[in-house]
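Novice: quick one: sequence and predicted model below, then my questions.
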Amino acid sequence: MSKPFSRDWLLSDAPQSRAQAAWGQRYQAWLAFRRNGLAMAGLVVVTALLVIALFAPWLATHDPGAQSLANRLARPSTAHWFGTDELGRDLWSRLVYGARITLGMVVSVVVLVAPVGLLVGCAAGYAGGMLDRLLMRVTDIFLAFPRLVLALAFVAALKPGVESAVIAIALTAWPPYARLARAETLTVRNADFIAAVRMIGASPPRIVLRHIAPVAVPSLIVRVTLDMSSFILTAAGLGFLGLGAQPPLPEWGTMIATSRRYILEQWWVPLIPGIAIFLASLAFNLIGDGLRDVLDPKQR
Amino acid sequence: MTEAASGRAGEPLAHDRAEARRVRVRRFLARLRALAATAASIPMTLLGLVLVTFLIGRVMPVDPVLAIVGDRAPQEVVERMRIELGLDRPLYEQFLRYLADLLRGDLGRSVATTRLVTEDIVRFLPATFELATAAIILAALIGVPLGVVAAVRQGSWLDQGVRIFCLAGHSLPVFVLGLASLLVFYVWLGIAPGPGRQGIFFQEAVPLRTGILTIDAALAGDGPALRDALHHLAQPAGVLAAFSLAYIARMTRAFMLAELQSEYVTAARAKGLSEMRIIWQHAFRNTAVPLVTVITLTYAGLLEGAVLTETIFSWPGLGQYLTVSLLNADMNAVLGATLVVGLIYVGFNLLADALYRLLDPRTR
C-alpha cells in the first residue's frame, strides 16, 4: 500500500477512500494546469504579489509615508529603485505596501461575494417558484447598471474609503455568481442522486449545501479568478477617481490620481503604479484562463 | 440560409399543409407570449433601477436640507425646508413622489451647475455618445478581423499572439492606457492634440445642432472645424476602443472556431470552394448574429470605460459629469446620471436581445 499523498497514491485508478479519489482528481487537475505555461506565469506573479504583501515591512527600503520634499520626483536610482513621488516618498516602498491594500480589497470582495452568490443561486435554483423569480429579478436590477457606475453611486452614498469601495464592489459583483450557481443547480436539480438523497430523508438545506453547492463550485472558482482582475481594475478605478482608498494610503489607483499631473515630465511616477495594476490583473486573468481549460472544458 | 431553404424536400401534401399552418399559428402564439413576458419584465427592471437610485439617495450621509440652506441656517428654516422637500413623509410616499417627478422628467436641480439635472444630461450626453460610437466602430473594425484570423490559424503563433494581446487588453486599466497614450502621442510624438474636445480657435465656431461636434461641423460645411473635432476625437476613441477590442476579438474567435468545425464547412471544402470563400461567405456569415449581440453589449459596456476615459481626456461627457458631481457631493446630479446610464444600459441589453431574435432565423 502506497503512502498517502505519494504520487502513486494520488494517481491510483482504484482509490480506497473518498478522500483519495478527491485528492487524486485535484492532483490531475494540477498536472493539467501545470502544462499551461502562461497560467503558470500568472501563478508565479500572484504568488510573488502575496509574498510581497505579506513581507512588505522587510521588502520596503523606506518608510512608505516618509516625505522628503527636497528629493521629490527623483529619477530611479540605487537609493530609490523606482524614484520618488510628488512628496518625495519612495515609490518602491509605496508599491510594496500598496500590494497589501490591493490584494486585501480583492480578497475581501471575494470572501463577501462568492459564498453569498453560491448560496443565493443554489437556493433559488433548487427551490424554484416564487423565490427563484424574486431573486432573479433582483439580480436583473443589479445587472442593469455598469459595475463601475453603480459602485460609484454606492461609494458616494457611503463615504470614500477602502471599506466603502469593498462594499460597493461586493454589492455590484454578487449577481453574476448567483446566476451561474443557479444555472448549475438547474442542471443537477432533477438528477437521480438528488432524488436518492431526498428519499433517504435529507433536509433541503442539507441537499443544497452538501450535494448541490459542490457541483457549482468549480465553475464558480473559474469565474471568481477571472473576475479578480476586474475587481482590481474597479478598485484602482475608484481610487483613481478619488473615491476609493484615500491619500496618503499607497493604493495603486490613488497613487496614479495624485501624480497624474506629472505625466508630461516625470512620467514614471504615475506609470509605475499603472504597470503594477496591469501585472496583477494580467496574472489573475492568466490563472483564470488556465483554470477554465482544466476545470470547465466545455466553456473553452 | 439559402442552403437550408433549397434543401427542403418537395411540395408538402394537403393535410401536411393544414398541420403546418397549425404549427405555425402555435409558434406565433408562443412567440407573442415570450415577447409579452419580456415586455412585462422591462417595467419591473426599470422600477428596480429607480428604487436602487432612490435608496442610495436616502442613505447618503449628505443631508439634502443642509446642502441647500447651509449648516448655519436657523432651526425653523431647516424644518420648513424639510417639509418642503417632503422629507418628513414616510419612505414609500417619498418614493412615489420621486417616481412622479421622474415621470415628468424632473430629476431635481444640480447644486454645482444650478441647472436642472435633465438639462445637464441633455447637454453632456451627445459627447459621450460621439466618443462611444467612434470607439465601438474602431473596436469592431479591428477586433472582428483579428478574431477571424486567430480562429482560422488556430494554434499558430498568430493565434497565441492574439490571445496574449486580448488578455493584456483585458487587464490594462483604461486610465493607465489613456495616460500612456497622452505621453506617447501628445508629449513624445506631438501628433495628438491635448485633452479636450476642441481646439481653442474652434470653440463656439460651429452652431450646435445635434451636440455631436463632428456631425455639427460636417452639417455646417466647416472643413477645418471637422478636422479639429476628428483630431481631438481620435485619441480618446482609440483608448476606449482598446478597452473593448480585446473582448470582441476573443468572442469572434470563439464563434468562428465553432463554425469552422461544423459539417457544412467540411462539405464546402469537399465541394472545392476556395478557403477565402468558406471563411467569409459561409462561416463568418453564421457568426454575424451572435457577433451583433456581442458588439451591442460591448457598446453599452463602453459607458463604464467612458467614465474613466473622459476624466483623463477632459472630455465633457456624461462620465465626466458623473465624476465631477460625485466629488462635489452633488447627489441629484449623481443619481440622475446613474439612472440615465442604467436606462441606456438596459436599453442596449434589450436591443441586443431584439436584434438576436430578429436576425437569427432559428429563434423564429
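Specialist: Arrived safely.
Novice: number of residues surrounding residue B:96?
Specialist: Using other Cβ atoms under 10 Å in any protein chain shown, the number of residues around residue B:96 comes to 12. For glycine as for every other residue, the C-beta is placed from the backbone atoms N, C-alpha and C.
Novice: can you name the helix or strand that it falls in?
Specialist: Residue B:96 is part of helix B:91-103, with elements assigned from DSSP states H and E.
Novice: go on, residue B:17?
Specialist: helix B:14-59.
Novice: before we move on, what about residue B:105?
Specialist: Counting by DSSP H and E, residue B:105 is part of no helix or strand.
Novice: surely it and residue B:119 touch.
Specialist: No: checked against Cβ atoms under 8 Å, the pair residue B:105 and residue B:119 is beyond contact range at 10.2 Å.
Novice: apart from its chain neighbours, what residue comes closest to residue 170?
Specialist: Picking chain A for this. Nearest non-adjacent residue to residue A:170, counting by Cβ to Cβ, 6 or more residues apart in numbering or on different chains: residue A:112, 4.3 Å away.
Novice: nope, chain B
Specialist: Counting by Cβ to Cβ, 6+ apart, the residue nearest residue B:170 is residue B:246, at 4.9 Å.
Novice: and what about that neighbour, helix, strand or coil?
Specialist: Following DSSP: H, G, I helix; E, B strand; the rest coil, the label given to residue B:246 is helix.
Novice: OK, contacts around it?
Specialist: B:143, B:165, B:166, B:167, B:168, B:169, B:170 (Cβ atoms under 8 Å, 6 or more residues apart in numbering or on different chains).
Novice: which residue packs closest to the residue of the stretch 1-150 of chain B found nearest chain A, ignoring adjacent ones?
Specialist: As assessed by Cβ to the nearest Cβ, chain A sits closest to residue B:48 within the stretch 1-150 of chain B, at 3.3 Å. Excluding the flanking residues, the one nearest residue B:48 by Cβ to Cβ, 6+ apart is residue A:141, at 3.3 Å.
Novice: against residue B:115, how distant is the nearest residue to residue A:144 once chain neighbours are set aside?
Specialist: Residue nearest to residue A:144 in three dimensions, not counting chain neighbours: residue B:346, with 4.9 Å by Cβ to Cβ, 6+ apart. Separation of residue B:346 from residue B:115 (Cβ to Cβ, to the nearest Å) stands at 26 Å.
Novice: those two - which one has more neighbours?
Specialist: residue B:346 (21 against 13).
Novice: now do the same contact list for that one.
Specialist: With Cβ under 8 Å, 6+ apart, residue B:346 has these contacts: A:144, B:42, B:45, B:46, B:49.
Novice: any idea which helix or strand carries it?
Specialist: Residue B:346 belongs to helix B:331-359, assigned by DSSP H and E.
Novice: repeat that for residue B:192.
Specialist: Per DSSP H and E, there is no helix or strand for residue B:192.
Novice: what's the local residue count around it?
Specialist: Neighbours of residue B:192 using other Cβ under 10 Å come to 18.
Novice: got a list of what it touches?
Specialist: B:181, B:182, B:185, B:186, B:231, B:234, B:235.
Novice: now these as CSV including distance to residue B:335?
Specialist: Shown next, in CSV, are the contacts of residue B:192 (distance: Cβ to Cβ, whole Å):
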residue, distance to residue B:335
B:181, 32
B:182, 31
B:185, 36
B:186, 35
B:231, 35
B:234, 33
B:235, 31
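Novice: name the SS class of residue A:16, please.
Specialist: Residue A:16 ends up coil, using three-state DSSP.
Novice: pLDDT score for it?
Specialist: What the model reports for residue A:16 is a pLDDT of 83.
Novice: for it, grab the count of nearby residues.
Specialist: Residue A:16: 11 neighbours (other Cβ under 10 Å).
Novice: related to what we said a few turns ago, I'd say the residue nearest to residue A:170 and residue A:172 touch.
Specialist: No: using Cβ under 8 Å, residue A:112 and residue A:172 do not qualify as a contacting pair, with a distance of 11.6 Å.
Novice: those two - which one has more neighbours?
Specialist: Remark: of residue A:112 and residue A:172, residue A:172 carries more neighbours, 24 against 17, as counted by other Cβ under 10 Å.
Novice: make sure I have this right: that one is in a strand.
Specialist: No: read with three-state DSSP, residue A:172 is helix and lies in no strand.
Novice: distance of it from residue B:207?
Specialist: 41 Å.
Novice: tell me which residue of the stretch 201-350 of chain B lies closest to chain A.
Specialist: For the stretch 201-350 of chain B, Cβ to the nearest Cβ, closest residue to chain A: residue B:304, 3.8 Å.
Novice: wait, doesn't that residue sit right on residue A:147?
Specialist: Yes: counting by Cβ under 8 Å, residue B:304 touches residue A:147, with 6.7 Å between them.
Novice: list the buried residues in stretch A:109-120.
Specialist: By 16 or more other Cβ atoms under 10 Å in any protein chain shown, the buried positions in stretch A:109-120 come out as A:109, A:110, A:112, A:113, A:114, A:116, A:117, A:118, A:119, A:120.
Novice: phi first, then psi, for residue 190.
Specialist: Using chain A. Main-chain torsions, residue A:190, degrees, to the nearest 10: phi -100, psi 20.
Novice: hmm, I had chain B in mind actually
Specialist: According to degrees, to the nearest 10, residue B:190 has phi 70, psi 20.
Novice: show me the shaky parts of chain A.
Specialist: A:1-2, A:296-300 (pLDDT under 70).
Novice: any chance you could map the helices in it?
Specialist: Counting by DSSP state H, chain A has helices at residues A:7-11, A:18-34, A:37-54, A:56-59, A:91-127, A:129-143, A:147-157, A:162-188, A:192-200, A:204-206, A:213-240, A:252-259, A:268-295.
Novice: list the buried ones in whatever helix or strand the residue of the stretch 201-350 of chain B closest to chain A lives in?
Specialist: Element membership for residue B:304 (DSSP H and E) is helix B:285-313. By neighbour count on 16+ other Cβ under 10 Å, the buried set for helix B:285-313 is B:286-287, B:289-313.
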